[in-house]
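Engineer: What follows is a predicted protein model with its sequence.
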Protein chains: 2
Amino acid sequence: MKKINALESDFDFKNCPVRKVLDRFGDKWSLLVLLILGKKETLRFNEINKAIGSDISQKMLTVTLRTLEADGFLIRTIYPEVPPRVEYTITNLGKSLVPLIDNLEQWAKSNMSAIEKSRDNFVKV
Amino acid sequence: MKKINALESDFDFKNCPVRKVLDRFGDKWSLLVLLILGKKETLRFNEINKAIGSDISQKMLTVTLRTLEADGFLIRTIYPEVPPRVEYTITNLGKSLVPLIDNLEQWAKSNMSAIEKSRDNFVKV
DNA sequence: CCGTATCCGCCTCGATACTG
DNA sequence: CAGTATCGAGGCGGATACGG
């Protein structure tokens, strides 16, 4: 249905991979959880909770973990004990994302303060 | 105000750089605009609009461009002509992000279909 | 051509209460 | 301990109409 103007050489952003990544990881907690599991490999629910620092609600942590599990970024193992024990282990797929997050982190550390300064000045003008 | 338990070795996610990046670029259009400008260096408003493919509203493109300008990712040049001409040029700061986006793009191309398949199966169970 | 202004739906996220 | 269920606020983004 889309007319491609040869002179415009339209990019293909209909199934843009970058867009897909943002749609999955642009949420508030997924990448943080992956980073944490990337360092510890396997953690229990409450350990992840404490690692984040109790800024996250129980509900959101549950939702985030379920979504990551559904996508194949971690494995959820339930031990039928009392009290219950549930462990989350990062997969190879999950690990493959960690270096990219590290890159983002490095970039942010190098540039983010300059960006924030720029934005502050811009608002004032 | 925060109690650090030595045994927990809490991560520092209060000013987490990754979180800052997501807060700035987790929106719908910023990275796409940067990618486009990364390829063409300088473009007019309507050229960017057409490159995206008219999925974006005029309002959102304006907001996105202003935010990117405020952050120092691009320069906005207004030519006092009739009809008006406005050109957007990517800065070095903007260019520095492009390789990272490319990395994300490559990762997505390699893994996103498997992820979507995993998610579909998960929902069905 | 390049915007601004306004209104409004949706969807994420947080707070709270309850459970096996 | 590790969830589930429900409600509600807030903000992003789309539609539309208008302006220099």
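Structural biologist: Right, received. Where do you want to start?
Engineer: A:G38 contacts A:T91, doesn't it?
Structural biologist: No. Using Cβ atoms under 8 Å as the test, A:G38 is too far from A:T91 to be in contact (10.9 Å). Where you see a C-beta, it was placed from the backbone N, CA and C, and this is true even at glycine.
Engineer: so where's chain A uncertain?
Structural biologist: A:1-14, A:54, A:124-125 (pLDDT under 70).
Engineer: how about 80 then?
Structural biologist: Along chain A, the parts satisfying pLDDT under 80 run over A:1-14, A:54, A:123-125.
Engineer: A:R24 contacts A:A70, doesn't it?
Structural biologist: No. Counting by Cβ under 8 Å, A:R24 does not reach A:A70; the two are 10.5 Å apart.
Engineer: Which helix or which strand is home to the closest residue to A:P84 other than its chain neighbours?
Structural biologist: Closest residue in space to A:P84, ignoring its immediate chain neighbours: A:I78 at 7.0 Å, by Cβ to Cβ, 6 or more residues apart in numbering or on different chains. A:I78 is part of strand A:74-79 when elements are defined by DSSP states H and E.
Engineer: For A:D27, the count of nearby residues, please.
Structural biologist: 16 (other Cβ atoms under 10 Å in any protein chain shown).
Engineer: From A:L34, how far out is it?
Structural biologist: 12 Å (Cβ to Cβ, to the nearest Å).
Engineer: before we move on, what about A:V82?
Structural biologist: 30 Å.
Engineer: Name the residue in these two with the higher neighbour count.
Structural biologist: The neighbour count for A:V82 versus A:L34, taken as other Cβ under 10 Å, is higher for A:L34 (22 against 5).
Engineer: And for A:G26, nearest residue in space, chain neighbours not counted?
Structural biologist: In space, A:G26 is closest to B:G26, 3.7 Å off (Cβ to Cβ, 6+ apart).
Engineer: Next, the contact list for that neighbour, please.
Structural biologist: With contact set as Cβ atoms under 8 Å, 6 or more residues apart in numbering or on different chains, B:G26 has these partners: A:L22, A:G26, A:D27.
Engineer: Surely A:L32 touches B:P17?
Structural biologist: No. Between A:L32 and B:P17 there is no contact under Cβ under 8 Å: 11.3 Å.
Engineer: Tell me which stretches of chain A form strands.
Structural biologist: Using DSSP state E, the strands of chain A run over A:42-44, A:74-79, A:85-90.
Engineer: so what's the spatially most central residue of chain A up against?
Structural biologist: Nearest to the mean C-alpha position of chain A, by Cα atoms, centre = their mean, lies A:L31 at 2.2 Å. Residues in contact with A:L31 (Cβ under 8 Å, 6+ apart) are A:F25, A:L97, A:I101, B:V18, B:L22.
Engineer: Spell out which parts of chain A neighbour DNA strand D.
Structural biologist: Contact residues (Cβ under 7 Å from any atom of the strand) of chain A with DNA strand D: A:44-47, A:58-59, A:62, A:65-66, A:76, A:83-86.
Engineer: and the helix ranked longest in chain A, does that touch DNA strand C?
Structural biologist: Looking across chain A with DSSP state H, the single longest helix is helix A:92-124. No. With Cβ under 7 Å from any atom of the strand as the criterion, DNA strand C is not reached by helix A:92-124; the gap is at least 12.6 Å.
Engineer: Helix B:92-124 and that helix, what's the angle between them?
Structural biologist: 140 degrees (axes from the mean of the first three to the mean of the last three Cα atoms, to 10 degrees).
Engineer: tell me what helix A:92-124 is packed against?
Structural biologist: Packed against helix A:92-124 by the contact rule (3 or more Cβ pairs under 8 Å, 6 or more residues apart in numbering or on different chains; DSSP states H and E) you find helix A:30-40, helix B:17-25, helix B:58-71, helix B:92-124.
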